[in-house]
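Enquirer: Dropping the sequence and predicted coords here.
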Amino acid sequence: MIKLPLIDRLTFLLERQFVKGAGFQLLIVAAAIGLISLAGGIAVHWSGHEDGLSESIWWAFLRLTDPGYLGDDEGAWRRIVSTFLTLSGYVVFLGALVAIMTQWLIGRMREFERGLTPVSLRGHAVIVGWTNRTVPLLRELIGTQRSRRRFRLTFGRRRFQAVILTEDVSAEQGQVLRSDPWIGPRARDVILRDGSALEEEAIHRAGCLNASMVIMPTGFGRRTGLLDVDVETIRALLSMDAGADQQGLARPLVVAELQDARRAEMARNAYRGPLELVASDQTISRIMVQTMLHPGLSRLCRELLSGLAGNELMLARADSLAGASLQELASLGGQALLLGLVQGEGPAARVTLLPPSSTRLQSGDQLIWLAQDPEAIDVTQHRRRRRVSAARQISVGVRPRAGAPHRLLILGWNQRVPRLLAELAAHPGQAFEVDLLSSSPLDARLRDLERYFDGPAPVELRQHEADFLLSGVLESFDPGRFDTVLLLSSDRLGSEEEADARSIVGQRLVERLLERRAERPQVLVELADSANEGLVQGIRTETLISPLLISHLLARIALQPALGLIFEALFGPDGPEIAFLAPRDFGLTGSQSVGQIEQAVAARGGLLLGIDLTARQRGEGLCLNPTPDLSVDLDLPVRLCLLRPGISNGTH
């Protein structure tokens, strides 16, 4: 046993008292003041001071605590002692006292800033975690009047308030919210609370069980095991479920993101309340595949998923319209397109897109509209016909896709690649030939695929190990011979900026190699930060900002839970699909009104969604839900955006 010197033991004892808080620190300072006063009083008393020892100690205490007494004493010794006491008072009495009180006050302010007090709200929204999805998600929920109105209609609350549960609350996060143009005007309605969803105390602190809805996003940018992030989400669901039982409270709506779709059943078993799941690997992969098959779809997804501007999918109950046909409703609608209906509720809900126009509504059905203004979907307010709707019948037979394999070059690797390959294989009638080029070790990739599929990949896949940013690597693969070049956002880098920098430089290299080719492949670039989108430019080049898409989808589903089924039906591998076709495919030429184009598309069993003017290269883009009287010159570069029957019937 090592014996510590006396000074070390005293220092250790003093240190143990200081860490107990401001109260013990003040006691130590008070003891030091008493000892110094005692020593000063004794020193003066021994010098022949006429007063008693107690008066000398009081004299020393006054000099220690009040510098104003300096200069009132006579005699060299008394002045020396008085000067020492005054200097000690500056250090011990004033300095230490101010330091302790300042440190205590800063600690208390930091504690208040972290938000450790449970909120006293009811019917609010809770966002669990501060990730690259949090701010875009909050914009969708609070940024527009129609989103706040939809929250009031869905949950019966007059005011939208949100609580963000984050593991490290800071003033910087509050400044981010206040400086955002969409959130800033209502930043006072957003409350930050410190804690993790894994802590039961933090769930209570954010008032999750008293909330109208709880949204659990995850994040991109840092590579973690597929299971790890989802286990945290499932653990939080278990805590909320158990807490509801203990407190006898109703379980709120939870919208949770999973990074691996295979964990969905586990998550549903963990929470017995209303639960909507968004599997990010499946969702992003499906949008990627659909965009490969139908170039231009990324622009449509951006508008459909965002409620900040433009058209969006809306639901309206049809209880008062039971017995009416869909053709009658489509004719009576304002500036809105009727896409289909949702029948039933909860787990038994069923989405039907492009139903026959003769279909008649039943009580409890919900109509699926594409509109910009919520008032446009209130058919009871429209007494005169706005659109002339053609009868649409379900197409018979199977519409074949192109027989030639779709040649795909994937540049990069991330944890969603196995799911992407699974979605490629899930499309009937379309074969894919995939070349994958990445600097990630080939052995590790093969192991990931083997574990995911319990065997080889379900598509024709050739893997290569090389850094495509190095000189001569891309040239050897000749990107021009592929139908699509896909640049994936890496999850092995330390930040979103680094991942996007690699994707952007890779896209520029691809563009340089393709600049002299007449036939160019589609280039699809995945980004992690929307601020970098302006750096991606090129012919037939599209961007997918994965965190933004997931944020928008989480917000849409939180406000209208049935939208999850609708988006699954729209972007899934079977059923109706969104396509971009040339007017000549419908026998249309010359100048035609949108109403006439709608008639031609409906005659083939489809529904016109909009006009794609992007190819004109005049700053025009995709015009969704145009007015029926708009005239379009179809002899110019124009594509028709439509919803058409897919490989199977449109019932899910």
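Expert: Cool, the structure landed.

Enquirer: So in the protein, where's the weakest helix or strand by average pLDDT?
Expert: Within the chain, no helix or strand scores below helix 326-332, which has a mean of 70 by mean pLDDT, DSSP states H and E.

Enquirer: any idea which element I191 lies in?
Expert: strand 190-194 (DSSP states H and E).

Enquirer: pLDDT averaged over that strand - what is it?
Expert: Here strand 190-194 scores 92 as its mean pLDDT.

Enquirer: That strand pairs with which strands, parallel or anti?
Expert: Strand pairing for strand 190-194, using DSSP bridges, gives strand 162-166 (parallel).

Enquirer: Go ahead and name everything in contact with the partner strand.
Expert: With Cβ atoms under 8 Å, 6 or more residues apart in numbering as the test, strand 162-166 has contacts from 119, 121, 124-130, 134, 138, 141-142, 173, 189-197, 202-203, 205-208, 211. For glycine as for every other residue, the C-beta is placed from the backbone atoms N, C-alpha and C.

Enquirer: before we move on, back to that, pull the CA atoms of the strand holding I191 into PDB?
Expert: Output of strand 190-194 as PDB, limited to C-alpha atoms (Å, rounded to 0.1, in the frame of the first residue of the first chain):
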ATOM      1  CA  VAL A 190     -40.600  24.900 -30.800                       C
ATOM      2  CA  ILE A 191     -39.200  23.600 -27.500                       C
ATOM      3  CA  LEU A 192     -35.800  21.900 -27.100                       C
ATOM      4  CA  ARG A 193     -35.400  19.100 -24.500                       C
ATOM      5  CA  ASP A 194     -32.300  17.300 -23.600                       C
END
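
Enquirer: Which neighbouring elements make contact with the helix or strand just after it?
Expert: Counting by DSSP H and E, the next helix or strand C-terminal to strand 190-194 is helix 200-205. For helix 200-205, the packing partners by 3 or more Cβ pairs under 8 Å, 6 or more residues apart in numbering; DSSP states H and E come out as strand 162-166, strand 190-194, helix 226-247.

Enquirer: Could you export the last one as PDB, CA atoms only?
Expert: What it means is helix 226-247. The C-alpha coordinates for helix 226-247 follow below in PDB (Å, rounded to 0.1, in the frame of the first residue of the first chain):
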ATOM      1  CA  LEU A 226     -28.100  -1.700 -40.000                       C
ATOM      2  CA  LEU A 227     -29.300  -3.300 -36.800                       C
ATOM      3  CA  ASP A 228     -27.900  -0.800 -34.300                       C
ATOM      4  CA  VAL A 229     -29.900   2.300 -35.300                       C
ATOM      5  CA  ASP A 230     -33.100   0.400 -35.700                       C
ATOM      6  CA  VAL A 231     -32.600  -1.300 -32.300                       C
ATOM      7  CA  GLU A 232     -32.500   2.200 -30.700                       C
ATOM      8  CA  THR A 233     -35.800   3.000 -32.400                       C
ATOM      9  CA  ILE A 234     -37.400  -0.300 -31.300                       C
ATOM     10  CA  ARG A 235     -36.100   0.200 -27.800                       C
ATOM     11  CA  ALA A 236     -37.800   3.600 -27.700                       C
ATOM     12  CA  LEU A 237     -41.000   2.100 -28.900                       C
ATOM     13  CA  LEU A 238     -40.900  -0.500 -26.200                       C
ATOM     14  CA  SER A 239     -40.300   2.200 -23.600                       C
ATOM     15  CA  MET A 240     -43.300   4.300 -24.800                       C
ATOM     16  CA  ASP A 241     -45.500   1.200 -24.900                       C
ATOM     17  CA  ALA A 242     -44.600   0.200 -21.300                       C
ATOM     18  CA  GLY A 243     -45.000   3.800 -20.100                       C
ATOM     19  CA  ALA A 244     -48.500   4.000 -21.500                       C
ATOM     20  CA  ASP A 245     -49.400   0.900 -19.600                       C
ATOM     21  CA  GLN A 246     -47.900   2.100 -16.400                       C
ATOM     22  CA  GLN A 247     -49.600   5.500 -16.500                       C
END
